[in-house]
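Engineer: coords please:
(2 chains)
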Amino acid sequence: DAGVIQSPRHEVTEMGQEVTLRCKPISGHDYLFWYRQTMMRGLELLIYFNNNVPIDDSGMPEDRFSAKMPNASFSTLKIQPSEPRDSAVYFCASSPAGVETQYFGPGTRLLVL
Amino acid sequence: QQQVKQSPQSLIVQKGGISIINCAYENTAFDYFPWYQQFPGKGPALLIAIRPDVSEKKEGRFTISFNKSAKQFSLHIMDSQPGDSATYFCAASYPGNQFYFGTGTSLTVIP
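Structural biologist: Sure, this is the predicted structure:
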């Protein structure tokens, strides 16, 4: 299995631009999680899905952030408009059952200038 | 409010020594306590995990010690190796709920 796949691995954009991060979970995993990692705040859960349905989005910082999971093999995290404070590493993780045993992807390093 | 408090922030250990990282929590509903290991440029990977019905779990050189009454748990890395140099995160969760991660400990093992 290829593991959790994220794209792009690096993204540099200018303030105000739309950013779309993509994630392909491990096949057969019913749970998908989006995290943000910064030096100041560590690892923060943004949102997670179960069977493509958002379960908890309380970690989404504001309306500029949105996440979708149109099918079991694909999810997107969109930031519109992006701001410099959104610069971070964004991780996607998937789990076969529940919040335990999460497998993380390699992350997308986002820099907003 | 930080649900899980982790210390130290950084740790330097000689090769062959014991690395100890500590975590504390307040929410007694937590029932799953994993440790994740993260290498630079990579995502966190599950290292070892414990439930509160046992006080210790060992996997190879890695051991979790759990003190339910003190609401503390720790990771011990025996015979630390330079390849163990990474950032370690503790976490906690309760049934059906998200992980709450500690702030991470950067471990450096000196040859």
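
Engineer: what residues does chain A have near chain B?
Structural biologist: Within chain A, the positions lying close to chain B (Cβ under 8 Å from any Cβ of the partner chain) are A:4, A:33, A:42-45, A:48, A:56, A:59, A:91, A:93, A:98-107. Backbone N, C-alpha and C define where each C-beta goes, glycine included.

Engineer: quick one: buried ones out of the residues you listed?
Structural biologist: Among the residues of chain A next to chain B, those classed as buried by 16 or more other Cβ atoms under 10 Å in any protein chain shown are A:4, A:33, A:42-43, A:45, A:48, A:56, A:59, A:91, A:93, A:99-107.

Engineer: partners of the least confident helix or strand in chain B by mean pLDDT, with directions?
Structural biologist: When each helix and strand of chain B is scored by mean pLDDT, DSSP states H and E, strand B:100-101 comes last, with a mean of 92. The pairing partners recorded for strand B:100-101 under DSSP bridges are strand B:86-92 (antiparallel).

Engineer: ok, residues contacting the strand it pairs with?
Structural biologist: Applying Cβ atoms under 8 Å, 6 or more residues apart in numbering or on different chains, the external contacts of strand B:86-92 come out as A:42-43, B:3-4, B:6, B:21, B:23, B:25, B:27, B:30, B:32-40, B:44, B:47, B:73, B:75, B:99-102, B:104-107.

Engineer: what does stretch B:20-34 give?
Structural biologist: Contacts of stretch B:20-34 (Cβ under 8 Å, 6+ apart): A:100, B:3-8, B:11, B:46-52, B:64, B:66, B:70-77, B:88, B:90-95, B:99-100, B:102, B:105, B:107.

Engineer: quick check: pLDDT value at the residue of chain A found nearest chain B.
Structural biologist: Chain B sits closest to residue A:104 of chain A, with a gap of 3.2 Å, by Cβ to the nearest Cβ. According to the prediction, residue A:104 has pLDDT 95.

Engineer: how near is the closest residue to it other than its chain neighbours to residue A:76?
Structural biologist: Leaving aside its sequence neighbours, residue A:104 sits nearest to residue B:43 (Cβ to Cβ, 6 or more residues apart in numbering or on different chains; 3.2 Å). Applying Cβ to Cβ, to the nearest Å, the value for residue B:43 to residue A:76 is 18 Å.
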